[in-house]
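J.: need a 3D model of the sequence below.
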Amino acid sequence: MILLSIDPGFERLGLAIIEKEGRGKETLLYSECFKTSAKLPHQERLRLIGNKIEDVIKEYSPTELAAEKLFLTSNQKTVIPVAEARGVILYIAGLHNMPVFEYSPPQIKVAVTGYGRSDKAQIMSMIPRLISVTKVIKSDDEFDAIAIGLTHCAIQRV
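T.: Down below sits the predicted model:
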């Protein structure tokens, strides 16, 4: 199975491609923090997100998509654009007949660290222990995308 896992965002979108073969350990094929500029019009930023998802799907041919569930925050300025970005992501997945699996932040924390209230640093320290990472990852969003993918593999037992 090849999985596209996404930490949805409008300004920053965490992306990861994880391969899982049989009972073996997961392999990270690709990860990135894709950014859109605040200087661009809103609809252009959504188009760029859609194009990026399309490009990743064309290159890696994932069969499933895992994403973080949107949770309500006190920052109303970001929740709507993130929801719209998620809509673009779900639409592209639908175009490719990819089943979508969504996981809450506590589910991801438990799957990766064993503790539902772990912080970013704990998640980031666990990722290299769970999957081979051969590049320097600088973005929390990229780590989050990898964590979402690992959560999917653990919960779905793929």
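
J.: the residue most central in space within the chain in helix, strand or coil?
T.: Averaging the C-alpha coordinates of the chain gives a centre point, and the residue nearest to it by Cα atoms, centre = their mean is I6 (1.7 Å). Using DSSP: H, G, I helix; E, B strand; the rest coil, the structure places I6 in strand.

J.: which SS class is the nearest residue to D141 once chain neighbours are set aside?
T.: On the basis of Cβ to Cβ, 6 or more residues apart in numbering, the spatially nearest residue to D141 that is not a chain neighbour turns out to be G14, at 3.4 Å. Just so you know, the C-beta spots here come from the backbone N, C-alpha and C atoms, and that holds for glycine as well. Here G14 takes the strand state, with states given by three-state DSSP.

J.: burial count for G14?
T.: Counted by other Cβ atoms under 10 Å, the residues lying close to G14 total 26.

J.: ok, now R12?
T.: Counted with other Cβ under 10 Å, R12 comes out at 16.

J.: what's the answer for V100, then?
T.: Around V100 there are 15 other residues, counting by other Cβ under 10 Å.

J.: which positions within the lowest-mean-pLDDT helix or strand in the chain qualify as buried?
T.: For the chain, the helix or strand with the lowest mean confidence is helix 76-95, at a mean of 91 (criterion: mean pLDDT, DSSP states H and E). Judged by neighbour count (16 or more other Cβ atoms under 10 Å), helix 76-95 contains these buried residues: 81-82, 84-86, 88-90, 92-93.

J.: again with stretch 26-36
T.: Buried residues in stretch 26-36, defined by neighbour count with 16+ other Cβ under 10 Å: 26, 28, 31-34, 36.

J.: may I see those residues arranged in a markdown table, with pLDDT as well?
T.: A markdown table is the format used below for the buried residues of stretch 26-36 (pLDDT from 0 to 100):
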| residue | pLDDT |
| --- | --- |
| E26 | 93 |
| L28 | 97 |
| S31 | 97 |
| E32 | 97 |
| C33 | 98 |
| F34 | 98 |
| T36 | 97 |
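
J.: any chance of a markdown table for the residues you listed, columns distance to R117?
T.: Listed next are these as a markdown table, based on distance: Cβ to Cβ, whole Å:
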| residue | distance to R117 |
| --- | --- |
| E26 | 24 |
| L28 | 26 |
| S31 | 25 |
| E32 | 28 |
| C33 | 24 |
| F34 | 28 |
| T36 | 31 |
